[in-house]
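> Predicted coordinates and the sequence they were generated for:
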Amino acid sequence: MGSRHLSRSIVLQSLYEWDFYGKKPDDLSRIIEKNIKEFATGLDELDFIRNLALGTEKYIDNLDEIIVKTAPEWPLEQINMLDRNVLRLGLYELLYSNKEEVPPKVAINEAIELAKVFGGESSGRFVNGVMGTVYNKLQEKEGKIPEDQLEKK
């Protein structure tokens, strides 16, 4: 497992725990530090973990709004807690991270992989659908046509 993938797994676990206990202010930082101590021995990029988790927390209202708009048939509270947090993390990377450091396709693929590994049977497909829809909307806004919609000659 690559170090960035392991870092994302630790962030996901931290977000899940934080969400499970009611998303209390300041709890996420404590949870992150506990999980870094327990699971990140030997990892060099600890700031990557902290920045990813705290960035997701900072934009959580925007991220949740995007999830609700993109998956309207699923009220946020009814989305499996793990899938909800995979989406928050993946959308944060897709929308707010440095695109040179984390290209959009990497953010999407990492979110799908986390969903497949830690989620239920349909988690990967659900996360893929939401992330893909958001990515396609971004491409439309930027005037780009998503690769999968280009005509093959």
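Here it is on my side, so go on. Numbers count the residues shown, from 1 in each chain.
> For the rest of this, base every contact and every neighbour count on C-alpha atoms.
Noted.
> okay, now the residue nearest to Leu28 when sequence neighbours are not counted: neighbour count?
Counting by Cα to Cα, 6 or more residues apart in numbering, Leu28 lies nearest to Trp18, which is 5.8 Å off, once chain neighbours are set aside. By other Cα atoms under 10 Å, 22 other residues sit near Trp18.
> try the one 5 residues further on
Here the number of neighbours of Lys23 (other Cα under 10 Å) works out to 14.
> Ok, Glu33 next?
16.
> what's the helix or strand hosting it packed up against?
Glu33 is part of helix 27-39 when elements are defined by DSSP states H and E. With contacts taken as 3 or more Cα pairs under 8 Å, 6 or more residues apart in numbering; DSSP states H and E, helix 27-39 sits against helix 3-20, helix 46-58.
> let's see 6 Å
Judged by 3 or more Cα pairs under 6 Å, 6 or more residues apart in numbering; DSSP states H and E, helix 27-39 is in contact with helix 3-20.
> relative orientation of the helix it packs on and helix 27-39 in degrees?
Calculated by axes from the mean of the first three to the mean of the last three Cα atoms, to 10 degrees, helix 3-20 forms an angle of 130 degrees with helix 27-39.
> Residue numbering should commence at 761 henceforth.
Taking 761 as the first residue, the last one we looked at is helix 763-780.
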